[in-house]
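J.: coordinates for the following, if possible.
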Amino acid sequence: MKYQVIVVGSGPGGYVAAIRASQLGLKTAVIERESLGGVCLNWGCIPTKALLKSAEVFNYLNHADAYGIQVKGADADFTSVIQRSRGVADDMSKGVQFLMKKNKIDVISGTGKLVRGKKVEVTDEKGSVTTYEGDHIILATGARAKALPNIPIDGKKVIDYRKAMVMEKLPKSMVVIGAGAIGVEFAYFYNSMGTKVTVIEFLEQGLVPREDKEISRELKRQFTKSGIEVLGNTAVEQVDTKGKTITVTAKDRKSGEVKTIKCDVVLSAAGVKSNIGNIGLETLGIKTDKDKVVVNEWYETNVGGVYAIGDITDGPALAHVASAEGIICAEKIAGHQPEPLDYGNIPSCTYSQPEIASVGLTEDQAKADGIDIKVGKFPFTASGKAKAGGHKEGFVKLIFDSKYGEILGAHMIGHGVTDMIAEIVLARKLESTGMELISELVLGMDVESTSHTLIRAVHPHPTLSEAVMEAAAAAYGEVIHL
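T.: Alright, predicted model coming up:
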């Protein structure tokens, strides 16, 4: 069969690209070897958030007395918690099936591989091979857990994120290797369920090492308070799985101190690795750089008619990035002229408690670039909504260019901040499109800098979003409630 667009992979990049292509009138097919929705809907973004919600509810019950409510005998049924998470994932996958039917997209089950002549061979679960031809082929094969060289994942004692979502029973103790978003979220979940958790991170900053340093310090303070042991700037030298319990040997990279930790299970959360093997890249001579497919700003490879999006390209391995790339790619294929994606304005979120959300430069990055900056912070201890909700931990930190008031970066930690970061992303987007200049020149209006636009924008009270307004005001000495 022949299609105008064939998408290999149905994750948040692939299925979104397929829907947009179909909306633009292109006959489209999606090839998927597992469940529609890919890792994100089935083994990542969605089911982990279901687990984290269960942990949050359990924490509420355990601390209900802080709200004037007495709860006796609260207990977490770990099996039911896991089953709920899987049910949410299944529902989301069924939702993608509905979207495929609604948009008249053919779903082809099997493993796709590029062959010459703008064709894709699909091998189904029975081993039968069928060849499909496409005018345009979009590769969206995603990524998988990356194993560390000296720590093989056996799926029993040393596990990856997929196994961590379907454990048969709650382990008494766990060592999490890697303190990025995946490691931090699972550390929070299992600690909340009652597991003794130790987090080990190789990089000096420790928890969430790519975030602003103040965010990392605050998260460590909250994790330590909740009973999670955090070992930053520490290298795992050995994981011995021979006995009934596991022995992890770790070395402090600064002091040289060696520590041994006994645990029931080790979660390897050292990031992800792109799925570019066995998809036919070599057959067509498609260029790669390490484990990434080389593409231009429209996601075209060096081979005409073949494109790549999502985790297999050199960008942040985030679901919303893959979706945005898929839309741009489909629109370009359809003959439109979409705006290239601004990778400097991509929000990042971590869904532990407290949550973390950020976009743009950290304070250290801005200083390293030689920019004269203003920094404003507003703690949630001064927020009426945060106090009323019982979540006083955390703060909003905004970084501005001193000369023009441009928002260089935003860094938030606290309850609900992942739902607040979009305001900053939108403000930075308006900056980049020159809307202020257009208003001033064309409409003859006096326009404030973006920093003062945030200050003057009326935020509803009481909300956590007021902290964005107050942090902006703090940078300019105008803060009211601090």
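
J.: for the most centrally placed residue in the chain, what are its contacts?
T.: Centroid-nearest residue in the chain: Leu318, 4.7 Å away (criterion: Cα atoms, centre = their mean). Applying Cβ atoms under 8 Å, 6 or more residues apart in numbering, one finds that Leu318 lies in contact with Ile346, Ser348. For glycine as for every other residue, the C-beta is placed from the backbone atoms N, C-alpha and C.

J.: now do Glu363
T.: Residues near Glu363 by Cβ under 8 Å, 6+ apart: Asp212, Lys213, Glu214, Ile373, Val375, Lys397, Ile399, Gly409.

J.: and if you look at Ala250?
T.: Contacts of Ala250 by Cβ under 8 Å, 6+ apart are Ile200, Leu231, Thr234, Ala235, Val236, Glu237, Val258, Lys259, Thr260, Ile261.

J.: can you classify the last one as helix, strand or coil?
T.: In terms of secondary structure, Ile261 is strand; the call rests on DSSP: H, G, I helix; E, B strand; the rest coil.

J.: that one touches Thr245, doesn't it?
T.: No: using Cβ atoms under 8 Å, Ile261 makes no contact with Thr245, being 10.0 Å away.

J.: comparing the two, which residue is more hemmed in?
T.: Remark: of Ile261 and Thr245, Ile261 carries more neighbours, 20 against 15, as counted by other Cβ atoms under 10 Å.

J.: for the more buried one, which non-adjacent residue is closest in space?
T.: Spatial nearest neighbour of Ile261, excluding adjacent residues (Cβ to Cβ, 6 or more residues apart in numbering): Val248 at 4.5 Å.

J.: surely the one you found is within a strand?
T.: Yes: the assignment for Val248 by three-state DSSP puts it in a strand.

J.: list the contacts for it?
T.: Shown in contact with Val248 (Cβ under 8 Å, 6+ apart): Val175, Thr198, Ile200, Val236, Gln238, Val239, Asp240, Thr260, Ile261, Lys262, Cys263, Val266.

J.: what's the host helix or strand of the first one packed up against?
T.: Spelled out, it's Val175. Assigned by DSSP states H and E, Val175 belongs to strand 173-177. The elements that strand 173-177 packs onto, with contact taken as 3 or more Cβ pairs under 8 Å, 6 or more residues apart in numbering; DSSP states H and E, are helix 181-193, strand 196-200, strand 258-263, strand 265-268.

J.: neighbours around Ala368, how many?
T.: Number of residues near Ala368 (other Cβ under 10 Å) recorded here: 10.

J.: doesn't Arg428 make contact with Thr453?
T.: No: Thr453 lies out of contact with Arg428 (Cβ under 8 Å); the separation is 11.5 Å.

J.: looking at these two, which is more packed in?
T.: Taking neighbours as other Cβ under 10 Å, Thr453 and Arg428 compare with Arg428 leading, 22 against 17.

J.: surely the more buried one is within a helix?
T.: Yes: when three-state DSSP is applied, Arg428 is found to be in a helix.

J.: how close does it sit to Thr123?
T.: 45 Å (Cβ to Cβ, to the nearest Å).
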